[in-house]
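Colleague: Fold the following and give me the result.
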Amino acid sequence: METPALAQPTSDRYPRVASPLHTILILAGLAAWTLGAKILAGHMRAAANPNRVRGYLVTICIEWFFFLLVLMGVRLNGTSVFVVIGDRWRSARQVLRDIGIAAAFWVVASGLLWLFGRLLRVDQQGHNVQVKLPHRAAEMTLWIALSITAGICEETIFRG
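Modeller: Numbering: from 1, shown residues only. Below is the predicted model:
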């Protein structure tokens, strides 16, 4: 007796790309890094002249560590890494589409961040934010590298 197409389970809709233990380890590592980053931010706020360069470099290394850890778990599960990082572009149209999506997201995200900043009166808590932002050319360069790293790695980490 055949099962009708509508009654078939949709378990393949979200295939498992890594083991549950791997997922738990990634989440535990991210929780530990979050706690460590909170402690580091507290030290930066307390310092008269905080070392942002070190903080940016450590964060970049941690981001790439988690990226590689996710890819390793995916490969150990026998799944293609393209499930996590996405397929290659096959045309200029696909590249332009992705750039358009990124630009639209950036505009919407900037507007929402501005709105929430106003609602939460972030400018009154400016010291908490300002201590983490770059001030010199080297810091700005590393900030851009960190932003690119976060865009690549975090999208992959949370996709996996």
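
Colleague: make it CA atoms for all contacts and neighbour counts henceforth
Modeller: Fine.

Colleague: mind listing what's buried in stretch 141-156?
Modeller: Neighbour counts using 16 or more other Cα atoms under 10 Å place Leu142, Trp143, Leu146, Thr149, Ala150, Cys153, Glu154, Thr156 of stretch 141-156 among the buried residues.

Colleague: Kindly indicate which of those lies nearest Val70.
Modeller: Distance to Val70 across the buried residues of stretch 141-156 (Cα to Cα) is lowest for Thr156, with 7.9 Å.

Colleague: Which other helices and strands does the helix or strand hosting that closest one contact?
Modeller: Using DSSP states H and E, Thr156 falls within helix 137-159. Here helix 137-159 touches helix 52-76, helix 82-85, going by 3 or more Cα pairs under 8 Å, 6 or more residues apart in numbering; DSSP states H and E.

Colleague: tell me the mean pLDDT for it?
Modeller: For helix 137-159, mean pLDDT is 85.

Colleague: do the same with stretch 114-128
Modeller: Averaged across stretch 114-128, the pLDDT comes to 72.

Colleague: just stretch 17-32 next, same as before
Modeller: Averaged across stretch 17-32, the pLDDT comes to 92.

Colleague: Please list the outside residues in contact with stretch 15-28.
Modeller: Outside of stretch 15-28, the residues within contact range by Cα atoms under 8 Å, 6 or more residues apart in numbering are Phe66, Leu69, Val70, Gly73, Val74, Arg75, Leu76, Asn77, Thr79, Val83, Gly160.
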